[in-house]
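[1] show me the folded form of this:
(2 chains)
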Amino acid sequence: MELNQYLEVFIEESREHLQSLNEQLLELEKNPGNLSIINEIFRSAHTLKGMSATMGYEDLASLTHQMENVLDAIRNNRLLTTPEIIDVIFMAVDHLEEMVESIAAGGDGKKDVSETVEKLKAIENGETISRSADVEIAAASTLEAPKSAASYDEFELTVLKQSKEQGFGVYEIEIGLRDDCLLKAARVYMVFEVLEKIGEVIKANPSVEQLEEEQFEDEFSVTIITKENPDDIKGKIMKVSEVVKTTVHPVDFSEMNSGVAIKAAEKIIGVDTSKSLDTDARSIITGIETAAVQDSKTSVKQQTNSSKTIRVNIERLDILMNLFEELVIDRGRLEQISKELDNGELTETVERMSRISGDLQNIILNMRMVQVETVFNRFPRMIRQLAKDLNKKINLEIVGAETELDRTVIDEIGDPLVHLLRNSVDHGIESPEVRRSKGKNEEGTIVLRAFHSGNHVFIEIEDDGAGISKEKVLQKAISKGIITEQSAAGFTDKQAYELILSSGFSTAETISDISGRGVGLDVVKNTIESLGGSISIDSKENEGTIFSIQLPLTLSIISVMLVEIQKEKFAIPLSSIIETAIIKDTEILNAHNQKVIDFRGKVVPLLFLKDIFDVPFEGADDHFHSVIIVRKGDKMAGLIVDSFIGQQEVVLKSLGNYLTDVFAISGATILGDGQVALVVDCNALIK
Amino acid sequence: MAEDLISDLKVIVFQLNQKEYAIPVSQVRSIEKIIHITRVPHVNPFVKGVINLRGVVTPLLDLRVRFGMEEQSYSDSTRVIIVGDEEKEAGLIVDGANDVIDIPSSMIEPAPEVVGIAAEGFIKGVANLHRRLLILIDLDKILLSDVRKAL
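    As a prediction, the model looks like this:
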């Protein structure tokens, strides 16, 4: 029972680590041999292992453990990263994901992963055996180019150099512990704590993980950048009990750069390879990691320290939001009262309160905003897999992942994007052969772009693939009975492209598993429209296609035009309004029993909202009518109301579970006076 | 229903057309006075509209209309009983509500077919308390139905 309260945290964090594994693996595939990426992967895997072991998910822990061994081998240069190895690791990550999801769904997280474990073992062992020869070659080559595999990789070297330029001292510290020291890991931890207070630890030899697992004799060395002088550093470290020896000496880059290896570096290479081989052999044989649990704890602690965030259940935010709305309504009343009473002090207080609650509103709304990255970050992996399955070469570029959207929109937007991306991979990007024959780069590019514009967020999916053939689309639509041959002639390019979003449409000659049977895209359209957004398509044959999705920034707060019809108030979302006008009786024309107006050269049908909504008639008719021109796609309509009240930001609320599907009403909002106003769904009014 | 009959049942008593009805307190969230109602178009006539119930938009049903009785304009004694189950929440407009009583289970009888009142079909049972006849309403049946008016 006790662990249950941690379960949620465990699942959340596991997902994060898996996500980071996926991302880093993709990075690694692009830059094999980049040590910092491998270290990152290793760290995620390691934490995951520690967490799952603590929570008692044995299968999860053992698979991670095996994966970690392979990663460790890569890290210590005993294995070369090959696409095969990455594939197997991806497979392992997939299994891990399934297990975590199974745990999240209330399962036990058990899964038969012996096959993958075998594969991982094979990689590890197979390579370990044929290793010894390689070591010598590697060692030999390191002698010639000490920089590459020696104590610092390129990245670390740059960091060190930069910090030196900025006036920091760079020191290599050798620390010796008493040989009868019992809690070596604890001493290491204490030393690191001291070091982290005075500067930044760049590198430890052996690695931090190995140190924490006590996989070292009684000496280790640390590279640190700091502003303290060497003697102070020494003094501070010596204060840690059971430390018997500390030598601090500055690191000299000039020699390293010139390619002449300093003796110390050479020594380290020698020690490093033999030692890590040794320790790894040990870990293969025993496979026992006693420090795993403690270890994961410390790393989790470090994580929380660095990010300074807390998790809050979205429900609580909703409650907070509701309470705040109450406050806003009461604020409106207070303002009214203070105006009537006209008491200086009261007015001042109320004004101050209004300002504060305005700030509060901003904060609360911002709290609900989430970066689209949380949705986007699973796509690189997906595209990679799809491209592999289809034998295509695809590069996914993500632009603007930091764009923020309301949490509720984020939750809904994932599936439509998956559909569209799959569609682009499957139908958009051609196979490498076709691309070559067209004179294009073999590798297709898909750009996933998100950006803000006004009160909206746009998400675009652009590919440089085959584009959409208008002829094919029209033919198909005619054969499927979606449009008639006569109407086809009048279709503009855009209208034709948008036909692929209608249900029962599939342009791919062969139905594939990837983008399915054409039921997908109309689902996409429906989902996006239900979110108050819209989707449009632009395409050029043989050059590519852009799907552009427009979404409201937030679902809960929208800008509306408040209007009055007789005694009733309605809210019309600004997103569908083009403009407002006041017309005279004489301007209304009749066409086929439909009242229309001539609006900027276009014939716009008129809809009398008081008839549509059966508003009880209470006053006399006017000769002037207030019209709101609204649109849905390319179609327009004029909504006739009695008067405009004004533009306002309102909180959109549902009518509840009892009243669902009310015609042409998408929800309700509470006005400043506490009354409810209905929000008009313009999309339902225009056929 | 079976459980209801075993022990005492705490109910809220409300009036509708001079008759007394009862609804178990477990189904009642609160009792409100009538406030500004916003009409919702194209719904059944018994759905009077929605109100702002402390920030939650709540639909109101006029029980007189729901039970097929003559409609009456609202007065000071008119009350809204906010009822709900796990998924739905709604307000029932009644002529008045002012009593909470315990009904011993032995006094509850299944809905008699002879009563012949308007609320037929929405009755769960009848309790006869010292010549005071209480009609127990069936909330599920009241809330369950097509609220939309045929267009």
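
[2] mind checking how far B:V65 is from B:E71?
    For B:V65, the distance to B:E71 equals 6 Å [Cβ to Cβ, to the nearest Å]. C-beta: built from backbone N, CA, C; applies to glycine.

[3] report pLDDT for the residue most central in space within chain B.
    Among the residues of chain B, the one closest to the centroid is B:L92, at 5.4 Å (Cα atoms, centre = their mean). At B:L92, the pLDDT value in this model is 93.

[4] that one belongs to a helix?
    No. Using DSSP: H, G, I helix; E, B strand; the rest coil, the secondary structure at B:L92 is strand, not a helix.

[5] show me what contacts it?
    B:L60, B:L61, B:L63, B:V80, B:I81, B:V83, B:I142 (Cβ atoms under 8 Å, 6 or more residues apart in numbering or on different chains).

[6] do I have it right that the second one meets B:A90?
    Yes. With the criterion set as Cβ atoms under 8 Å, B:L61 and B:A90 qualify as a contacting pair; they are 5.7 Å apart.

[7] phi first, then psi, for A:K567.
    The phi and psi values for A:K567, taken as degrees, to the nearest 10, are phi -100, psi 0.

[8] what about it, distance to chain B?
    For A:K567, the distance to chain B equals 10 Å [Cβ to the nearest Cβ, to the nearest Å].

[9] what sits closest to that residue if chain neighbours are left out?
    Distances taken as Cβ to Cβ, 6 or more residues apart in numbering or on different chains put A:E618 closest to A:K567, at 5.9 Å, once the chain neighbours are dropped.

[10] doesn't the one you found belong to a helix?
    No. Under three-state DSSP, A:E618 sits outside any helix and is assigned coil.

[11] low-confidence ranges in the chain?
    No chain in the question, so chain A it is. A:1-5, A:126-155, A:252-307, A:454-455, A:503-504, A:506-520, A:554-557, A:619-621, A:633 (pLDDT under 70).

[12] wait, I meant chain B there
    Low-confidence segments of chain B, defined by pLDDT under 70: B:1-6, B:112-120, B:145-151.

[13] show me what from it comes close to chain A.
    B:35-36, B:38-43, B:47, B:49-52, B:54-59, B:87-90, B:143, B:147-148, B:151 (Cβ under 8 Å from any Cβ of the partner chain).

[14] mind listing which of those are in strands?
    Among these, the members found in strands (DSSP state E) are B:V47, B:G49, B:V50, B:I51, B:N52, B:V56, B:V57, B:T58, B:P59, B:E89, B:A90.

[15] next, count neighbours for the residue nearest to A:K567.
    By the criterion of other Cβ atoms under 10 Å in any protein chain shown, A:E618 has 8 neighbours.

[16] can you check A:L323 too?
    Neighbour number of A:L323 under other Cβ under 10 Å is 13.

[17] can you show me the helices along the stretch 1-150 of chain A?
    For the stretch 1-150 of chain A, the helices defined by DSSP state H, counting those that start in this stretch occupy A:4-30, A:35-55, A:58-75, A:83-104, A:114-129, A:131-144, A:146-149.

[18] quick check: the farthest pair among the contacts of B:L92?
    B:V80 and B:I142 (14.0 Å; Cβ to Cβ).

[19] higher neighbour count, those two?
    Using other Cβ under 10 Å, the more surrounded residue of B:V80 and B:I142 is B:V80, with 26 against 20.

[20] now do the contacts for B:E89.
    By Cβ under 8 Å, 6+ apart, the neighbours of B:E89 are A:G656, A:N657, A:Y658, B:R29, B:V56, B:T58, B:I82, B:V83.

[21] filter those residues down to the buried ones, ChimeraX style.
    Listed next is the ChimeraX selection for buried residues among these, using 16 or more other Cβ atoms under 10 Å in any protein chain shown:
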select /A:656,658 /B:56,58,82,83
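
[22] export the contacts of B:E89 to a markdown table and tack on secondary structure and distance to B:K10?
    As requested, these are arranged in a markdown table below (DSSP: H, G, I helix; E, B strand; the rest coil; distance: Cβ to Cβ, whole Å):
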| residue | secondary structure | distance to B:K10 |
| --- | --- | --- |
| A:G656 | coil | 26 |
| A:N657 | coil | 26 |
| A:Y658 | coil | 25 |
| B:R29 | strand | 15 |
| B:V56 | strand | 25 |
| B:T58 | strand | 23 |
| B:I82 | strand | 17 |
| B:V83 | strand | 15 |
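
[23] out of the contacts of B:E89, who's nearest A:N362?
    Of the contacts of B:E89, the one sitting nearest to A:N362 (Cβ to Cβ) turns out to be B:V56, at 23.6 Å.

[24] any idea what the closest one is bridged to?
    B:L53 (DSSP bridges).

[25] need the strands for the stretch 501-650 of chain A, in chain order.
    A:534-540, A:544-552, A:557-565, A:568-573, A:577-584, A:589-591, A:594-599, A:602-608, A:624-632, A:635-641, A:643-651 (DSSP state E, counting those that start in this stretch).

[26] A:E213: which of those is closest?
    Judging these by Cβ to Cβ, what sits closest to A:E213 is strand A:544-552, at 48.0 Å.

[27] tilt between that closest one and strand A:568-573?
    150 degrees (axes from the mean of the first three to the mean of the last three Cα atoms, to 10 degrees).

[28] strand A:544-552: which residues count as buried?
    For strand A:544-552, using 16+ other Cβ under 10 Å, the buried residues are A:G544, A:T545, A:I546, A:F547, A:I549, A:Q550, A:L551, A:P552.

[29] what's opposite the residue nearest to the centre of chain B in the beta bridge?
    B:L61, B:I81.
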